[in-house]
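Sequence and predicted structure, then a few things I'm wondering about:
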Amino acid sequence: SSGINAEYGGLDQGAEVPLDGRTVQVPGYEAGNFVGPTIMNKVTPDMECYKEEIFGPVLNVIEAETMDEAIAILNENPYGNGCAIFTNSGAAARKFTNEVDVGQIGVNVPIPVPLPMFSFTGSRGSFLGDSNFYGKAGLNFYSQWKTVTTLWKEEDAKTATAEVAMPRMQ
């Protein structure tokens with residue numbers, strides 16, 4: 001996976017990098033591998049930086065002429081981690097959130113990562129397995145369900161010995 005390389009996987013293809021985090025130095029960890037906040041502008045779906053799922057403080061900015069084009073661009077990507085829309089229109093936000101096939105969607109927030117009580121909901125190529133591991137779904141992930149079926153009758157409490165016969169209607 002090339003992700004962010006010397007050419008940013010898109011810089012050599014026409015993308016602009018108005019905020020470049022490749023040269024970040026963290027005091028005390030000069031030998032570390034860090035990427036600072038990075039914005040890549042004028043990204044298109046054929047660029048390596050869009051084809052790869054880049055994790056880190058990297059924002060790919062893709063322009064679309066219409067809402068339908070923007071939704072199509074997102075839905076054609078093999079990954080489905082997250083995206084965001086910035087709008088003053090509730091109708092546009094509703095259309096976007098209903099039609100885009102992405103697990104985490106932000107409306108007027110730049111990073112659509114939910115609070116811990118909600119689950120990570122990446123989809124398609126951004127999700128492996130059959131269940132999520134944060135939030136309520138995390139309880140299911142780390143728990144084994146048990147079902148207990150019982151029947152108590154008042155007369156059962158009065159007997160001194162256990163009855164092992166199958167209960168029957170009388």
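Thanks, I have the structure now. Because the structure is a prediction, the values reported are computed rather than measured.

thinking Val58 is in contact with Gly36, fair?
No - using CB atoms under 8 Å, Val58 is not in contact with Gly36, being 9.7 Å away. Heads up, the C-betas are built off the backbone N, CA and C, glycines and all.

I figured Glu63 hits Glu16, correct?
No - using CB under 8 Å, Glu63 is not in contact with Glu16; the gap is 11.6 Å.

list residues touching both of these two?
Lys42 (CB atoms under 8 Å, 6 or more residues apart in numbering).

can you pull the buried residues of stretch 10-19?
For stretch 10-19, the neighbour count (16 or more other CB atoms under 10 Å) marks 10-11, 13, 15, 17 as buried.

Which of those residues sits closest to Tyr79?
Comparing the buried residues of stretch 10-19 against Tyr79 with CB to CB places Gly10 closest, at 15.5 Å.

if I look at that closest one, how far off is Ala72?
Counting by CB to CB, to the nearest Å, the separation of Gly10 from Ala72 is 20 Å.

And Asp68, which helix or strand is it part of?
Applying DSSP states H and E as the criterion places Asp68 in helix 67-76.

Rounded mean pLDDT for that helix, please.
In this model, helix 67-76 has an average pLDDT of 94.

can you check stretch 89-104 too?
Rounded mean pLDDT across stretch 89-104 is 89.

Would you mind pointing out the helix or strand Val61 falls in?
Val61 belongs to strand 58-62 when assigned by DSSP H and E.

just checking, what packs against that strand?
strand 38-43, helix 48-51 (3 or more CB pairs under 8 Å, 6 or more residues apart in numbering; DSSP states H and E).

In CSV: those, plus mean pLDDT, mean neighbour count and distance to Val107.
Shown next, in CSV, are the helices and strands packed on strand 58-62 (pLDDT from 0 to 100; neighbours: other CB atoms under 10 Å; distance: least, CB to CB, whole Å):
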stretch, mean pLDDT, mean neighbour count, distance to Val107
strand 38-43, 90, 19, 20
helix 48-51, 85, 20, 22
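
could those go into JSON lines alongside distance to Ile85?
What follows is the helices and strands packed on strand 58-62, written out as JSON lines (distance: least, CB to CB, whole Å):
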{"stretch": "strand 38-43", "distance to Ile85": "16"}
{"stretch": "helix 48-51", "distance to Ile85": "17"}
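
now the strands: where do they sit in the protein?
16-19, 38-43, 58-62, 79-80, 82-85, 104-107, 123-124 (DSSP state E).

Could you say which one of those strands comes nearest to Lys95?
So among those, strand 82-85 is nearest, using CB to CB, at 9.4 Å.

Kind regards, and thank you for your time.
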